[in-house]
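Student: return atomic coordinates for the entry below.
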Amino acid sequence: MPKPSTDSIHGHDYYDVETGAFRVPLYLSTIFEHPDRRTGEARKSDRGFEQKYSREENRTVRGFERVIAKLEKSQEALAFSSGMGGIAAVYLTALSSGDTVVITKESYGTTQDLALNLSKLGIKTVLAGPDTEDFIQRIKPGVVLVLVETITNPLVRVVDIPAITKRCKEVGARLVVDNTFATPLLYRPLEHGAWLSVHSVTKYIGGHNDIVGGAIAVNDPLDLTELWEFRRRLGSIMGPFEAFLALRGVATLKVRFDLQCKNALALAKYLHDHPKVEAVYYPGLKDNPYHKMADKLFLEKGLYGGVLSFKVKGGKQKAIEVLKRIRLVKPSPSLGGTESLLNYPLTSASKTISPAVRKELGIGENLLRLALGLEDIEDLQADLEQALR
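Tutor: This is a model prediction of the structure:
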């Protein structure tokens, strides 16, 4: 069986017999011949879905979906116009009026925000955790859907997904894992019993800070059909140009992610001992409370992700000063691209989380999140040093 670095390049399985081309081309066509004039029947994609319009199926998008499925070791995958487009399809597929969904308190704010807004449809959202034990206690009989992140945002906790999966099976709940921060290189949730694995393709998989997209890995054909139907109804399929760029990006996922993880560990150690830093949050540090769980779960030993967070001594004012002073690292949201980005969680991913929950989680006014890119580690350290000084 090919390794992930090979599947990320060749997993699309595209080959044009007439030309000998083995790179997936960009199919910008909106419409397709329907019915097929050769057979007189409806034209269908390779997986049996009707194809007459690119809102339903597109060959460039299919090539990218095949790569995601192989990386996640899943039967199938669906690509979306954004990660939240995928999350919306999941909610609409899995939830009905009267259902309850449990989401970890420390997760992407818009994931929570959308679920909480479903209260107008009679759906109850419970925020739990963030630690595994607390989270499991809230997964009670009657819970229909559970959503966690492999590595949480922004304090990069690592949850015990196998234990959560076990609890979900006991109560009959479906588990969705947002695997964006870990990527399929570090963890594959479906192999441990999760229902779906969700990605923001915008991050590591796209890898160049130039596309927005999402992806869902799925095993059950009936679940695939339901998710596909909601994608069609919502009009949230990934565009062919974005899929073309995503195919280019995912081909270098392994080499990029390895370096980003190594840069993150090096800078976590540097910041850990810095006199201007109050605390560092990164599971690669041996004194981090999630270090052992990361070693237990992650497939690539010695790699712990490309994101770390740290608190600056001096409160909000000092944290904002650091954001203003950095030069090479850019003050910006997102992660996983070639550029290193420094982010203030209170004005981005954690903005929609209530102040009480932020306080409980430890998301303070002096917290900064650093997503490592591919720059030279000495240059990155020098930039942080001058900004902190």
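
Student: care to break the chain down by domain?
Tutor: With domains defined by automatic domain parsing, the chain comprises 4-250, 253-388.

Student: any chance of these in a markdown table, with mean pLDDT too?
Tutor: Output for the domains of the chain, formatted as a markdown table (pLDDT from 0 to 100):
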| stretch | mean pLDDT |
| --- | --- |
| domain 4-250 | 95 |
| domain 253-388 | 95 |
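
Student: mind giving me JSON lines with those domains and columns for mean neighbour count?
Tutor: From N, CA and C alone the C-beta is placed, and that goes for glycine too. Formatted as JSON lines, these follow (neighbours: other CB atoms under 10 Å):
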{"stretch": "domain 4-250", "mean neighbour count": "20"}
{"stretch": "domain 253-388", "mean neighbour count": "18"}
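
Student: how close does Leu116 get to Ala387?
Tutor: 36 Å (CB to CB, to the nearest Å).

Student: typo on my end, it should be Cys168
Tutor: With the distance defined as CB to CB, Cys168 ends up 43 Å from Ala387.

Student: ditto for Leu185
Tutor: 30 Å.

Student: now do the helices in the stretch 51-200 of the chain.
Tutor: Assigned by DSSP state H, counting those that start in this stretch, the stretch 51-200 of the chain shows helices spanning 59-72, 83-94, 109-117, 132-137, 161-171, 183-186.

Student: packing partners for the shortest one?
Tutor: This points to helix 183-186. helix 59-72, helix 253-272 (3 or more CB pairs under 8 Å, 6 or more residues apart in numbering; DSSP states H and E).

Student: for those helices, which one sits closest to Asn288?
Tutor: Checking the helices and strands packed on helix 183-186 against Asn288 by CB to CB gives helix 253-272 as the closest, at 8.6 Å.

Student: strands paired with the very next helix or strand once past the closest one, and their directions?
Tutor: Next in sequence after helix 253-272, counting helices and strands by DSSP states H and E, comes strand 277-281. Strand 277-281 sits in its sheet next to strand 307-312 (antiparallel), going by DSSP bridges.

Student: taking the centroid of the protein, which residue is nearest it?
Tutor: What sits nearest the mean C-alpha location of the chain, by CA atoms, centre = their mean, is Thr180, with 2.0 Å.

Student: run through the residues that contact that residue.
Tutor: By CB atoms under 8 Å, 6 or more residues apart in numbering, Thr180 lies in contact with Gly83, Glu149, Thr150, Val198, His199, Ser200, Lys203, Tyr204, Gly336.

Student: at 6 Å what do you get?
Tutor: For Thr180, the contact set (CB atoms under 6 Å, 6 or more residues apart in numbering) comprises His199, Ser200, Lys203.

Student: nearest to Thr111 among those residues?
Tutor: When the contacts of Thr180 are ranked by distance to Thr111 (CB to CB), Ser200 comes first, at 10.2 Å.

Student: how close does that closest one get to Leu267?
Tutor: 23 Å.

Student: repeat for Gly129
Tutor: Taking CB to CB, one finds Gly129 at 27 Å from Leu267.

Student: go on, Pro333?
Tutor: Using CB to CB, Pro333 is found at 19 Å from Leu267.

Student: so what's Ile31 closest to, chain neighbours aside?
Tutor: By the measure of CB to CB, 6 or more residues apart in numbering, the closest residue to Ile31 outside its immediate chain neighbours is Tyr53, 5.9 Å from it.

Student: try Ser200
Tutor: Gly83 is the one closest to Ser200 (CB to CB, 6+ apart), at 3.3 Å.

Student: now do Lys269
Tutor: Lys269 sits nearest to Leu285 (CB to CB, 6+ apart), 7.1 Å away.

Student: what do you get for Arg23?
Tutor: Closest residue in space to Arg23, ignoring its immediate chain neighbours: Tyr14 at 7.1 Å, by CB to CB, 6+ apart.

Student: kindly confirm my reading that that neighbour is in a helix.
Tutor: No: counting by DSSP: H, G, I helix; E, B strand; the rest coil, Tyr14 is not found in a helix; it is coil.

Student: how far away is it from Phe22?
Tutor: Distance, Tyr14 to Phe22, by CB to CB: 6 Å.

Student: contacting residues for Gly142?
Tutor: Residues near Gly142 by CB under 6 Å, 6+ apart: Thr100.

Student: same question, the one 10 residues further on
Tutor: Contacts were defined as CB under 6 Å, 6+ apart; by that measure Thr152 touches Glu106, Pro130.

Student: verify the stated contact: Val250 with Ser8.
Tutor: Yes: using CB atoms under 6 Å, Val250 is in contact with Ser8, at 5.0 Å.

Student: return stretch 176-192 as CSV; C-alpha atoms alone will do.
Tutor: Extracted as CSV, the C-alpha positions of stretch 176-192 are listed here (Å, rounded to 0.1, in the frame of the first residue of the first chain):
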residue,chain,number,x,y,z
VAL,A,176,-17.3,14.0,13.6
VAL,A,177,-13.6,14.9,14.0
ASP,A,178,-12.2,18.1,12.6
ASN,A,179,-8.8,16.9,11.6
THR,A,180,-7.5,20.1,10.1
PHE,A,181,-4.6,20.8,12.6
ALA,A,182,-3.4,17.2,12.6
THR,A,183,-3.9,16.4,8.9
PRO,A,184,-4.1,12.7,7.8
LEU,A,185,-0.3,12.5,8.2
LEU,A,186,-0.6,12.7,12.0
TYR,A,187,-4.0,11.1,12.6
ARG,A,188,-6.8,9.3,10.7
PRO,A,189,-10.0,9.4,12.7
LEU,A,190,-12.0,6.9,10.6
GLU,A,191,-9.5,4.2,11.5
HIS,A,192,-10.5,4.7,15.2
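
Student: pull the distance from that stretch to the chain's centre.
Tutor: With CA atoms, centre = their mean, to the nearest Å as the basis, stretch 176-192 stands 8 Å off its chain's centre.

Student: spatially nearest residue to Leu303 (excluding sequence neighbours)?
Tutor: Distances taken as CB to CB, 6+ apart put Cys261 closest to Leu303, at 4.1 Å, once the chain neighbours are dropped.
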